[in-house]
Every structure is written in structure tokens, then in C-alpha cells.
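Student: Sequence first, predicted model second:
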Amino acid sequence: MLIAYWANSCPTVLFSPSLFHSGNWNPSGPPIALVLRSSQNAMAEGTAPSQAICALARSRAAVLWPPLAMLILAVLIVISHILAVLSGKCEVLEAGIQRTAYVEEISITTRKPPESYIWTLGVAVTWVLFLLPSTFFIHLAFFRPSSSRLRTRLRTWLRWGFLGISEAFFVLASLALVGLATITHSGTILENQHQIPEGGLIHQQLSILFFLASFLSGGFFLAARALQWRSATKWERRSFWLKLAVLIFLILCVSQLVPLLILELIPPLRSGEEVRAKNLRGLTQRLSVLGIMVFTASYAWDIKGMQERLKYQEEAAAVEEVITVEG
């Protein structure tokens, strides 16, 4: 709904048919920069939030939004983990010996106060202030012009279909993340007040939804980028290769090859059978989350590519205007 609201506030930026001319960014066509500029002039009739978001999309700060959101989430995970370990919430009694599972799953280290309060509040604030604007900036970066040739046009619509599915899964994954932070098995404010039944089952289903939506979003995005490789900017190509590397890393993590290697290299993580099992699950989950974070942060390069195209279009439009006046 919020994306639709912003789209209505800046309609010529998001959905104007005048953006869709040649297969590459042709200066002779209607420049996207002029469309964006006219939209900004029209925003005077809009609301203050929509003006701020559209202006921010062109600023240098927009590039920082995705990595900053992931950095904040990473800090929240680390803080919650340290507090849980220090408070003894990762202790395991095995064969009469008290041992520590140093790499428990995130859900275990954030399910009880005070860690649950830090995690829930931090995720909610990060989602509102950073993930939502990042989704809008990424949405703008997805747009590419189409060609009048039927073959290229079909290719473009296929790419747009992949990007639309990718974006839908991205939003779904972010909503699942909020759900995971809200229902943490036990201990959050919402659960204490309303006594949510079967909170553990709901949390588990949201976890599956989060990872599945994240993987599908990344896969569809890479497929879409591959379809427009020729016209991609250097930043978009860098983003593609990094995302592809992250995807390979995620496959190695989900298959537990990387977690098992780490367990073999660090003896304290396999001090007992139960400790080893817990640390293996925790490593698999945390490394997968790390990969998803790096993948999401790399959208900053896609936003940078969008801004470079806007700059190119502005320069081309200025030259075209001078030629028209002189002619």
C-alpha cells in the first residue's frame, strides 16, 4: 500500500509510458530526468512525505539506505547474541557438564527479554525508516526502457515480470522479518499482552517464509538482470556478480558445507554432541542470514546505476535543449 501511495505521488516517475523508448538510454528520446523533474514540480500538490521520498531517491543518501538497514540489523543480531550468551541462555547441560552453544540460532537468542525487546523494537524501527524507503529506491532502479521491436519488447516484458516477482518476494520477506521479530516463541510485548497461542509454530512458519521468499527474490532478480546485461551500467554489473557470488555462498551454507568446515576448524563449537548440533543449526542459519544481508546491501549499486542514468539523461537533455534553441 505504501509503495502504491508513493507511486500515486510520483506517477510520472514510476509508470510513465514516455520512459519506454529505445533498447538503450537514447538521448534523443524523452529523458527520464525531465520526467522526474516534471514530477518533482508536480509534487508541490502532493504530501510532504512523498516529496521527501522522491527527492531522496536522487540523493547520495539513497545509495546508503540498503547497506545501512542491513548494518543496523546485523548490530541488533550481535547485541542480542552477546547478551544471551552472557546471561546463560545458550547453556546446554550434557552428560552432567554445563557447556555453551556459542552459535545458537537467532530465534533462541532473541526469544526472551531483554533481548526480545531490543530485537523487536530495533527491527520495527529499521523496517519503517530504512527497509521501506529502500524498497522504493530499488523499485525505481528496476525500471528500464523497452524497444519498439517485438523481440526486444517481449524480452523486456519477461524481464519486468521477473523483476515484479522479485520485488513482491522482497516485500514478503521483509514482512516475514517483522513477524519473526514480533512473535519470537515467547517474551515480546505483543505476546505478553495477548498470549498468542502456538507462537512457536507461527514463528517457525514465518522463518520458512522469510528464507524461501528471500531466495526466490534473489533468483528472479538475477534472471532479470541477465536479460538486460548489454544495457547494464558498470554498477549494475558489479551488483550482479556480487549477488551471484552470494547466491553460490548461500547454496554452500544451506548444504552445510561451510558450517561443517567452520565446526572442524573451531573445536569449542563441537565440545559435545548436543552442542555440536545446536551450533551447526545456528551456523547454517546465521551464515544464510549474512548472505541475504550482503545480497540486499548490494542493491546500493543498482540504485547508483539508476542515478548515473538520470545524470546522463539530464546532460543529454541539456545538450538537446541548447541545440534546439540554436536551431
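Tutor: That came through, no problem. Numbers count the residues shown, from 1 in each chain.
Student: so what pLDDT did residue 45 get?
Tutor: As predicted, residue 45 sits at a pLDDT of 44.
Student: Residue 194 now?
Tutor: Each residue has a pLDDT score; the one for residue 194 is 56.
Student: again with residue 54
Tutor: At residue 54, pLDDT is 63.
Student: before we move on, what about residue 289?
Tutor: So, for residue 289, pLDDT stands at 97.
Student: likewise residue 141?
Tutor: 74.
Student: which SSE is it in?
Tutor: helix 132-142 (DSSP states H and E).
Student: what helices or strands is that helix leaning on?
Tutor: Secondary-structure packing of helix 132-142 (3 or more C-beta pairs under 8 Å, 6 or more residues apart in numbering; DSSP states H and E): helix 2-9, helix 11-14, helix 48-57, helix 61-86, helix 150-182, helix 299-326. From N, CA and C alone the C-beta is placed, and that goes for glycine too.
Student: wait, which of these is closest to residue 268?
Tutor: The closest of the helices and strands packed on helix 132-142 to residue 268 is helix 61-86. By C-beta to C-beta, the value is 12.3 Å.
Student: can you list contacts of the helix or strand following that closest one?
Tutor: Moving toward the C-terminus from helix 61-86, the first helix or strand encountered (DSSP H and E) is strand 91-94. Applying C-beta atoms under 8 Å, 6 or more residues apart in numbering, the contact partners of strand 91-94 are 98-101, 272-275, 278.
Student: Residue 61 is in contact with residue 307, correct?
Tutor: No. In this structure, residue 307 is not within contact of residue 61 by C-beta atoms under 8 Å, at 11.1 Å.
Student: Of these two, which one has the most company?
Tutor: Using other C-beta atoms under 10 Å, the more surrounded residue of residue 307 and residue 61 is residue 307, with 20 against 13.
Student: Could you find the closest non-adjacent residue to the more buried one?
Tutor: Nearest non-adjacent residue to residue 307, counting by C-beta to C-beta, 6 or more residues apart in numbering: residue 58, 6.6 Å away.
Student: got it, and residue 155?
Tutor: residue 227 (5.9 Å).
Student: pLDDT value on the one you found, please?
Tutor: 87.
Student: For it, list the residues it contacts.
Tutor: By C-beta under 8 Å, 6+ apart, the contact list for residue 227 reads 155, 158-159, 162.
Student: Same question for residue 129.
Tutor: Contacts of residue 129 by C-beta under 8 Å, 6+ apart: none found.
Student: Sort out which residues of the helix or strand that contains residue 296 are buried, please.
Tutor: Residue 296 belongs to helix 273-297 when assigned by DSSP H and E. Using 16 or more other C-beta atoms under 10 Å as the test for burial, helix 273-297 gives 275, 278-297.
Student: measure residue 64 to residue 56 for me?
Tutor: Distance of residue 64 to residue 56, given as C-beta to C-beta, to the nearest Å: 10 Å.
Student: pretty sure residue 213 is touching residue 177, no?
Tutor: No. Counting by C-beta under 8 Å, residue 213 does not reach residue 177; the two are 9.5 Å apart.
Student: between these two, who's got more neighbours?
Tutor: Comparing residue 213 with residue 177 by other C-beta under 10 Å, the one with more neighbours is residue 177, at 23 against 20.
Student: For the nearest residue to that one once chain neighbours are set aside, list the residues it contacts.
Tutor: Of all residues not flanking residue 177 in the chain, residue 210 sits nearest, at 5.8 Å (C-beta to C-beta, 6+ apart). Shown in contact with residue 210 (C-beta under 8 Å, 6+ apart): 173, 176-177, 180.
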